[in-house]
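Engineer: model the following, please.
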Amino acid sequence: MRYVFEDYSFDTDRRELHRGAEIITVAPQVFDLLEYLIRHRERVVSKGDLIDAVWDGRVVSDAALTTRLNVARGVIGDSGQDQRLIKTLPRKGFRFVGLVQELPGPESAAATGMEASQPALALPDRPSIAVLPFQNMSGDPEQDYFADGVVDDIITALSRFKFLFVIARNSSFAYKGRAVDIKQVGRDLGVRYVLEGSVRKVAGTVRIAGQLIDASTGAHVWADRFEGDLSDVFALQDEVTTNVISAIRPKLLEVEIEHAVRRPNDLSAYDLYLRATSHYYAMTPDEVTEAIRLLARALEIDPRYSVAASLAVTCHVLKLIHGWSADPKAEAGEVMRLSQLVLSIDENDPETLSAVGFARAFITGDFGAATDMVDRAVSLNPSSSIAWSYRGVTYVLVGRNEEAIQSLERAIRLSPLDPMLYTLQAFVALAFVNLRRFEDAVAAAEKALHKNANFMLPHRCLVAALAHLGRDSEAKQATVRLLEHEPDFRMSTWANRTRQWPAKLLAEGLRKAGLPE
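Structural biologist: Numbering: from 1, shown residues only. Predicted structure coming up:
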């Protein structure tokens, strides 16, 4: 049996531990201890269990057992402090908590069923992924349909994201029932990332484990497990799909940005887009301006690069919203030019379409056309947190605040680890202010500020909500913090920037708090 976890392969037949191509030397007792913990990872293993299995019941001191455990942790990159893979449960025992895949037989070219010498396909110029059939580890052939259904749903959901290159089901299912080398799969299919997983039925519930691997290095990018009741199979499939998609999308972008930053200066349009994204995340005047510069370079290389154009649209709108533009009229004109470019390239790309809808709502006040665009975007891809985000923000600008909150909460649910989460929480706070739900507005604004205190919208929402609640002392403190971040804030200038969207209660609250006119 071969157990695979993180970038390790633990081969019990050969009694070898591999990390990638490297063989790690492991003492016999330590190997036996690791094997017992991994084989019995579904339960807590007591000290007595380990002594019986590894030392044949001989008397062993606590110090000796602790020493062996520390060595076992060390050979798999763990430690007693981290306990990432081997966890100590005080007064109970020990448990291997890493995500493990069981593969039969030794790791070799023959075991994979693939020719190791087969030339690798070139990687696409965007994130590329294959979803392999999930292993049915239940011992119940009837669960195959469930495992295959989960994979089908994930492939379908990922395929709706046009920034992704997703291998079709027929190709990825060619690996069903076979032990595979992930690096070889990446070479065979021409993808950077491989998603694999397993399904196990346990006492009336089903446990699904998934892991995303960088096929070029064998390193694990993400791993998680989900558990649910089999009484509603389709609901469980939907839940697993949502959880997997919500984790993968931001993680892929994060890893791709890291790759781009490490690449040399001879950059492609895609590299420039990724670098621009990292500057956009910072959400300061200088960083957003730098993002626009990089996106302009990307569009010089590829004038029909819609993803770069739509991010540029958003960056220009942000400069107008925050008053960072030296020439608002020219900035607005650039927004409209780029919006037309985006629509001319692909008016059915949900994420770029929703960005244009948001821009149109702010720049032109054409709320009917804007809501049509963002509504169509979420219908084209209900799994896109970006489309739901833009829909929520657009609905705040339109004044449909209840629907805005529902959309923003859906976006947060679909991407709970998104680095831009604070922007969504800020617009939730604004919607609550508009609905006179000032206590909720305070809570949402504080969440946003906890993530990024440099973003100004939650400062304004917090000041206004506290003022409306009559919490004058707190409103005064929040006003001081707002002016520390934006010392030139004036109500008249701000009101001119927000004239296109309803912000009456926000303005009243800011004036109550004594913001300068």
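
Engineer: look at the residue lying closest to residue 476 once chain neighbours are set aside and say how many residues are nearby.
Structural biologist: Spatial nearest neighbour of residue 476, excluding adjacent residues (Cβ to Cβ, 6 or more residues apart in numbering): residue 513 at 7.2 Å. In short, each C-beta sits where N, CA and C put it, glycine included. Neighbourhood size, residue 513 [other Cβ atoms under 10 Å]: 21.

Engineer: if I look at residue 513, how far off is residue 432?
Structural biologist: Between residue 513 and residue 432 the distance is 17 Å, computed by Cβ to Cβ, to the nearest Å.

Engineer: with residue 361 instead?
Structural biologist: Distance, residue 361 to residue 432, by Cβ to Cβ: 19 Å.

Engineer: same deal with residue 300?
Structural biologist: Distance of residue 300 to residue 432, computed by Cβ to Cβ: 42 Å.

Engineer: with residue 440 instead?
Structural biologist: The separation that residue 440 has from residue 432, given Cβ to Cβ, amounts to 4 Å.

Engineer: over to residue 68?
Structural biologist: Distance of residue 68 to residue 432, computed by Cβ to Cβ: 56 Å.

Engineer: comparing the two, which residue is more hemmed in?
Structural biologist: Per other Cβ under 10 Å, whichever of residue 68 and residue 432 has more neighbours is residue 432, with 23 against 20.

Engineer: and the gap between the more buried one and residue 318?
Structural biologist: From residue 432 to residue 318 the distance is 22 Å (Cβ to Cβ).

Engineer: so what's the residue nearest the centre of the chain up against?
Structural biologist: The residue lying closest to the centre of the chain (Cα atoms, centre = their mean) is residue 250, at 2.7 Å. Going by Cβ atoms under 8 Å, 6 or more residues apart in numbering, residue 250 touches 415, 417, 418, 419.

Engineer: buried members of those into PyMOL, please.
Structural biologist: Buried residues among the contacts of residue 250 (16 or more other Cβ atoms under 10 Å), as a PyMOL selection:
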select buried, resi 415+418+419
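
Engineer: pull the longest helix from the protein.
Structural biologist: What stands out as the longest helix in the chain, according to DSSP state H, is helix 233-262.

Engineer: just checking, next helix/strand downstream of that one?
Structural biologist: Sequence order places helix 269-282 as the next helix or strand after helix 233-262, per DSSP states H and E.

Engineer: tell me the angle of the longest helix of the chain relative to helix 269-282?
Structural biologist: Angle, helix 233-262 to helix 269-282, by axes from the mean of the first three to the mean of the last three Cα atoms, to 10 degrees: 100 degrees.

Engineer: buried set for helix 233-262?
Structural biologist: Neighbour-count burial for helix 233-262 flags 233, 236-237, 240-250, 252-257, 260 (criterion: 16+ other Cβ under 10 Å).

Engineer: report the rounded mean pLDDT for it.
Structural biologist: For helix 233-262, the mean pLDDT works out to 78.

Engineer: and stretch 410-423, by the same measure?
Structural biologist: 85.

Engineer: can you pull the buried residues of it?
Structural biologist: Going by neighbour count (16+ other Cβ under 10 Å), the buried part of stretch 410-423 is 410, 411, 412, 414, 415, 418, 419, 420, 421, 422, 423.

Engineer: give me the domain ranges for this protein.
Structural biologist: Annotated domains of the chain cover 2-103, 110-247, 419-517 [automatic domain parsing].

Engineer: residue 186 reaches residue 192, doesn't it?
Structural biologist: Yes - with contact defined as Cβ atoms under 8 Å, residue 186 reaches residue 192; the gap is 6.7 Å.

Engineer: give me the common contacts of those two.
Structural biologist: By Cβ under 8 Å, 6+ apart, the residues touching both residue 186 and residue 192 are 215, 216.

Engineer: where's residue 33 relative to residue 2, distance?
Structural biologist: The gap separating residue 33 from residue 2 is 18 Å, by Cβ to Cβ.

Engineer: I misspoke; the intended subject was residue 16.
Structural biologist: The gap separating residue 16 from residue 2 is 9 Å, by Cβ to Cβ.

Engineer: these two - which one has more neighbours?
Structural biologist: Neighbours per residue, other Cβ under 10 Å: of residue 16 and residue 2, the larger number sits with residue 2, 20 against 17.

Engineer: find the nearest non-adjacent residue to the more buried one, please.
Structural biologist: In space, residue 2 is closest to residue 103, 4.5 Å off (Cβ to Cβ, 6+ apart).

Engineer: ok, the one you found - contacts?
Structural biologist: Contacts of residue 103 (Cβ under 8 Å, 6+ apart): 1, 2, 3, 4, 111, 179, 180.

Engineer: and the residues you listed, which of them are in strands?
Structural biologist: Residues of these located in strands (DSSP state E): 2, 3, 4.

Engineer: I'd say the last one and residue 76 touch.
Structural biologist: No - no contact is recorded between residue 4 and residue 76 when judged using Cβ under 8 Å, the distance being 12.0 Å.

Engineer: tell me the one among the contacts of residue 103 nearest to residue 95.
Structural biologist: Checking the contacts of residue 103 against residue 95 with Cβ to Cβ, the nearest one is residue 3 at 14.8 Å.

Engineer: for burial, what's the neighbour tally of the closest one?
Structural biologist: Using other Cβ under 10 Å, residue 3 is surrounded by 21 other residues.

Engineer: ok, now residue 144?
Structural biologist: Using other Cβ under 10 Å, residue 144 has 17 other residues around it.

Engineer: CSV for the contacts of residue 250, including secondary structure and distance to residue 152?
Structural biologist: What follows is the contacts of residue 250, written out as CSV (DSSP: H, G, I helix; E, B strand; the rest coil; distance: Cβ to Cβ, whole Å):
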residue, secondary structure, distance to residue 152
415, coil, 22
417, coil, 25
418, coil, 26
419, coil, 30
